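Peer 1: build me a model from this:
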Amino acid sequence: MQYLDTALAAGWRRHLWLALLVATSLTFTFGFACAVPFAAFGAVAAMTLPRRDALWLTIALWLVNQIVGFAVLHYPWDAMTLTWGAILGVIAMLSTAAAQAALYPRGIAAMAIARFVA
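Peer 2: Sure, this is the predicted structure:
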């Protein structure tokens, strides 16, 4: 997986990759409303980006989803919708962190737990 980090960190390819992920997220947001596969995006981000960038990308994808949902798709502004939006954000971050832990284990127990969670 290290070759992906090096290849994607180089110049325009990295920016193109990030733009492609955001565009794909937008497509899922418009096509399936609130059924965006954040766990899959988190896993892809974890496999192809450094740890910090993967987490920031996951936050950005969630934020784009929420902005489009509330501004364009007219999600209701009630407590339940806001709560589920926050839960989706937390789950997206945890999915990314679990995928990173499964890819870069620090021990047998940590590896087993991370792979179970992922």
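Peer 1: which other helices and strands contact the helix or strand hosting Leu55?
Peer 2: Element membership for Leu55, per DSSP states H and E: helix 51-71. Where contact means 3 or more C-beta pairs under 8 Å, 6 or more residues apart in numbering; DSSP states H and E, helix 51-71 is packed against helix 11-32, helix 38-48, helix 79-103. Any C-beta I mention is one placed from the backbone N, CA and C, and that applies to glycine too.
Peer 1: those: which one's closest to Leu73?
Peer 2: helix 11-32 (7.7 Å; C-beta to C-beta).
Peer 1: still on that earlier bit, can you list the helices and strands packed on helix 51-71 in a markdown table and add distance to Gly69?
Peer 2: As requested, the helices and strands packed on helix 51-71 are exported to a markdown table (distance: least, C-beta to C-beta, whole Å):
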| stretch | distance to Gly69 |
| --- | --- |
| helix 11-32 | 7 |
| helix 38-48 | 13 |
| helix 79-103 | 8 |
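Peer 1: pick the most buried one from those helices.
Peer 2: With neighbours taken as mean count of other C-beta atoms under 10 Å, those reach their highest mean count in helix 38-48, at a mean of 21.
Peer 1: what count of nearby residues applies to His74?
Peer 2: Neighbour count for His74, taken as other C-beta atoms under 10 Å: 8.
Peer 1: isn't Ala54 right up against Ala45?
Peer 2: Yes. Counting by C-beta atoms under 8 Å, Ala54 touches Ala45, with 3.9 Å between them.
Peer 1: quick one: low-confidence parts of this protein?
Peer 2: Within the chain, the stretches with pLDDT under 70 are 1-10, 33-35, 105-118.
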